[in-house]
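[1] any chance you could fold what I've pasted below:
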Amino acid sequence: MKNNTINKKLTVAIPVRWASERSDLLDRLSFARMDTDLPEEVEILVVDDGSPLDLAGRLASECAQYGYSYYRLQTEHLPFSIGRARNAAAQCGLSDYIMFQDVDLMPYAGFFRDVLREAIINGLDDSVDNFLMFGVIYLTESATKEFRDTEPELRRQKYIQLLLQNDKTAIEKFSTGTSVTVWRRDYFLATGGNDPEFNGWGYEDLEYACRAIRRRKKFPLPSEFTLDYRNFQTITEYKGWKSIYRLFGDMTFQKGMVLFHAWHPVEPKSDYMAAKTKNRQIFEKKLGDFRDKGIEPDPLPMLGSGKSLVLRNNPWVTNRWAAPFLGEIVHIDEDYLPPDSFIEFLQDSGFSRVVFHNPYANERLKALYDVVRENGFPFIVVERGALPDSVFFDPHGFNADSVSYEAEKWDHELTNSKRTATLQYMQRAMTDDESLEAQSPRQGATVLRKRLKISRGKKILVAFLQRPTDTVIENFMGPMETYANFLRLLARLPYALRQDWVLLVKQHPLEVDVIDIPGAINVDQCNTKDLLELCDAMIAVNSGVGVLGIMFGKPVLHCGDAFYSNPSLARQVLDESDVVRALNEFKPDYEKAVRFISYLINDFYSFGRFKTRKVKWHDGSFMTATTEIDFYELRYPGKKELKRTLREAVEVSSESVLFDRYRAAATVVNAPNQASVKAAPAKVVKEVPAKVPNDAPAKVVKDAPAKVAVSAPLQGPRNVQMDVKRTPASQLPSWRRKMKKLTNNPVMFFRDSKHPLFRAIGNRVVVK
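    A predicted model of the protein is given here:
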């Protein structure tokens, strides 16, 4: 493959296979160059899905002449698969965006520059589930020749006008619901791309886009989403997937962004036509599987990302959103990997990296981790961070043993945008109710002081206990050596502190053994953030609560090795005299604190929505097990930041002008003589919002129909009664409801039937 993708923003992928029935392929390769203003940031990539070798050579030569990249799949023994070619294009490209385009499509001058601008306007970098779709105008044979002879600057406006004039001599048809789409490349790979179960081609692009539409939540879902109803050009009811699908193409079409399809003869008995019926059935099944069970293809690896050995198969290391960056993923349990031959095994097997979750989880993992680090073999550790929703991908280590937290990484002057974002985050963190573990409701510092009966003259030191079996306790005690020594230190503090100090002690929320510190006040039932707001200083071994303490601007004392240890942020103490000295002398540097937090939230940590459950540990205590992480900010080392907006509601309501076609159709009433009655302009009376499902994987949700607002009553001829009261469908007798469904939607009537013969009939019907 010729590599022209360095510093490219958009890869335009054109899948091909040179076959005898399409001898015009070489000529049509020139079509992309009809955009005479092709930006340097755009690369044209021709993906050859198994053309015969002798013809492939000619294709490669032709691509070189046009300045295209060329990539051939060795799939000549397989039927042509446009989905396979699209997936390969996304895998081998190096640009941020991937665009899929047929070889028969002709752009106007400036089209690709418009695409780049549209990607900015639609926020493909702001939320990677945003995507673009472009309509296609299909030209007749004579118009195709005339289009090519027309001045490039006139083509777009001239042939859009011919469409608007309904000139059948020039325009065969048009469609705004197409496979011409633009995606963030990492998003396309993470969501599995075109499903390989489809035969040949047909419906594979529609299935992928329908998954993306449900995940995106841009428009309310139409009724009967899985229904293959009418076609993209004529559909006027907000029903079935085509009615929402075409809206994405409508958005760009109404801005005049469109491609033109060059005429070519169609062989009705082609492979495409033979596979269409079977692919439709696969398509309908997969729509339901994704809706009900969140089932979709496995993520696709990025070409050039190598091969990763993961030692724990869990949501942390085999997460869908991070998987493309890990390349080929191989899972082997640590019990089968002897440390003394581990490096040799990694090298002989061609692994690029080892992925650890918690490398200190057991002695076997720790031994493998030590070997990898000692030999300088690439690795990455994926674990939960110290802030709510946070995860880190650390190529340098785990927690306090990593150089990722050294001052040279974060102690730099902040930009205005980063400072603003950091201060806003810190303010939210100090005032909201979010926490890593379940907490008691917040009361506020004033109420808490009164509740604990602590006079205003008293200063407060709060100690946060940890779990003795935690990794950071078992491996990062440092000079303190044991957790028991920490508890002994706390027991001496009430007698070592001045009389104006009081010690509060809060145990870990998941710990079952209650620790009693004589002379201290137990605050197990108090909220951590209330305690931080109330206290004058905090002490722990190396708890992540220390990061919150830094945000609150409090002196943070730690007894073990802590990743946030820094002379300006937190002070290490080993005995009571160290504690007393630190309480008298240590003042944290607020500017350094802001820089450190900025580094965590803006540069180092990733963030995702966690699904967890509480499980019992081997020692009888409880732990929080993570079952799923749905990332909304993913920062993988060396890769472009992946951001997603996790939406609870649709973005564009049915009041948008995009829904005019559906409102207009709803205002047309048929009189008894079957003549169309002209309706007065629609007046919105009431909009019923659609209930939009959250399409997180494995979550079962059902479609909720969107109601397009229309006027009521409609104004028609005087001899037509317009305000007849209708009995609600739910109150009709069963036979009446069935007859109504048979009349209004015969296809779904048969498909939903309990009788297997009727269901078979319905499934065989293809709705045009």
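
[2] quick one: average confidence on the helix or strand containing residue 607?
    Assigned by DSSP states H and E, residue 607 belongs to strand 605-616. Here strand 605-616 scores 86 as its mean pLDDT.

[3] what pairs with it, parallel or antiparallel?
    Strand 605-616 has the following strand partners under DSSP bridges: strand 390-394 (antiparallel), strand 622-634 (antiparallel).

[4] report the distance from stretch 57-73 to the chain centre.
    When distances are taken as CA atoms, centre = their mean, to the nearest Å, stretch 57-73 is centred 33 Å away from the chain's centroid.

[5] then stretch 505-524?
    Relative to the chain's own centre, stretch 505-524 is displaced by 40 Å; criterion: CA atoms, centre = their mean.

[6] and for stretch 202-218?
    That offset, for stretch 202-218, works out to 14 Å (CA atoms, centre = their mean).

[7] could you do stretch 534-550 as well?
    Distance, centroid of stretch 534-550 to centroid of chain: 33 Å (CA atoms, centre = their mean).

[8] buried ones in it, by neighbour count?
    Across stretch 534-550, burial judged by 16 or more other CB atoms under 10 Å covers 534-535, 537-550. (Each C-beta comes from the backbone N, C-alpha and C, glycine too.)

[9] among these, which two are most distant?
    Largest separation among those by CB to CB: 534 and 542, giving 22.1 Å.

[10] just checking, residue 583 touches residue 496?
    No - under the criterion of CB atoms under 8 Å, residue 583 is not in contact with residue 496, lying 10.3 Å apart.

[11] of those two, give the one with the bigger neighbour count.
    Set side by side, residue 583 and residue 496 show more neighbours around residue 583, with 20 against 14, by other CB atoms under 10 Å.

[12] what strand or helix carries that one?
    Using DSSP H and E, residue 583 falls within helix 576-585.

[13] mark out where each domain of the protein begins and ends.
    Segmentation of the chain into domains, based on automatic domain parsing, reads 10-293, 301-432+589-647, 438-587, 725-768.

[14] end to end, how far does the second one reach?
    Domain 301-432+589-647 has its terminal residues 27 Å apart, counting by CA to CA, to the nearest Å.

[15] what do you get for the first one?
    The first and last residues of domain 10-293 sit 33 Å apart, counting by CA to CA.

[16] do stretch 158-171 as well
    12 Å.

[17] can you list the buried residues in that stretch?
    Buried, per 16+ other CB under 10 Å, within stretch 158-171: 158, 159, 160, 162, 163, 170, 171.

[18] ditto for stretch 28-39
    28, 29, 31, 32, 34, 35, 38.

[19] can you add pLDDT and give those back as TSV?
    Compiled in TSV, the buried residues of stretch 28-39 are given as follows (pLDDT from 0 to 100):
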residue	pLDDT
28	96
29	96
31	98
32	97
34	97
35	97
38	95
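
[20] mind checking which of those residues land in helices?
    Residues from these lying in helices, with DSSP state H as the criterion: residue 28.

[21] show me the two of the buried residues of stretch 28-39 that sit farthest apart.
    Farthest-apart pair in the buried residues of stretch 28-39 is 28 and 38; separation 16.4 Å (CB to CB).

[22] what about the nearest residue to residue 634 once chain neighbours are set aside, how many neighbours?
    Closest residue to residue 634 apart from its sequence neighbours, by CB to CB, 6 or more residues apart in numbering: residue 642 at 4.2 Å. Residue 642 has 23 neighbours, counted by other CB under 10 Å.

[23] re earlier: summarise which helices and strands the next helix or strand after the helix holding residue 583 is packed against.
    The first helix or strand that comes after helix 576-585 along the chain, using DSSP H and E, is helix 590-599. Packing partners of helix 590-599 (3 or more CB pairs under 8 Å, 6 or more residues apart in numbering; DSSP states H and E): helix 407-410, helix 416-431, helix 545-551.

[24] next one: the shortest one to chain centre, how far?
    Centre-to-centre, helix 407-410 and its host chain are 30 Å apart (CA atoms, centre = their mean).

[25] then stretch 232-251?
    Centroid separation for stretch 232-251 versus its chain: 24 Å, with CA atoms, centre = their mean.

[26] list the contacts of it.
    For stretch 232-251, the external contacting residues (CB atoms under 8 Å, 6 or more residues apart in numbering) are 131-135, 173-178, 206, 209-210, 213, 218-219, 221-231, 287, 654, 658-659, 661-662, 664-666, 706, 708, 745.

[27] give me the buried positions along that stretch.
    Residues of stretch 232-251 classed as buried: 232, 235, 237-251 (neighbour count, 16+ other CB under 10 Å).

[28] ok, which stretches of the stretch 251-400 of the chain are helices?
    For the stretch 251-400 of the chain, helices defined by DSSP state H, counting those that start in this stretch occupy the ranges 271-293, 342-348, 363-374.

[29] out of those helices, the one nearest residue 612 is which?
    That would be helix 271-293 among these, by CB to CB, at 20.5 Å.

[30] and the closest one, what does it pack against?
    Checking 3+ CB pairs under 8 Å, 6+ apart, helix 271-293 ends up next to helix 204-216.

[31] identify all contacting residues around the helix it packs on.
    Applying CB under 8 Å, 6+ apart, the contact partners of helix 204-216 are 81-83, 86, 100, 129-131, 133, 179, 181, 183, 191, 193-195, 198, 219, 221, 225, 241, 244-245, 248, 279, 282-283, 286-287, 290-291, 296, 647, 693, 695.

[32] what about residue 352, neighbour count?
    Neighbour count for residue 352, taken as other CB under 10 Å: 16.

[33] list the contacts of the residue nearest to it when sequence neighbours are not counted.
    Excluding the flanking residues, the one nearest residue 352 by CB to CB, 6+ apart is residue 306, at 2.8 Å. For residue 306, the contact set (CB under 8 Å, 6+ apart) comprises 327, 328, 351, 352, 353.
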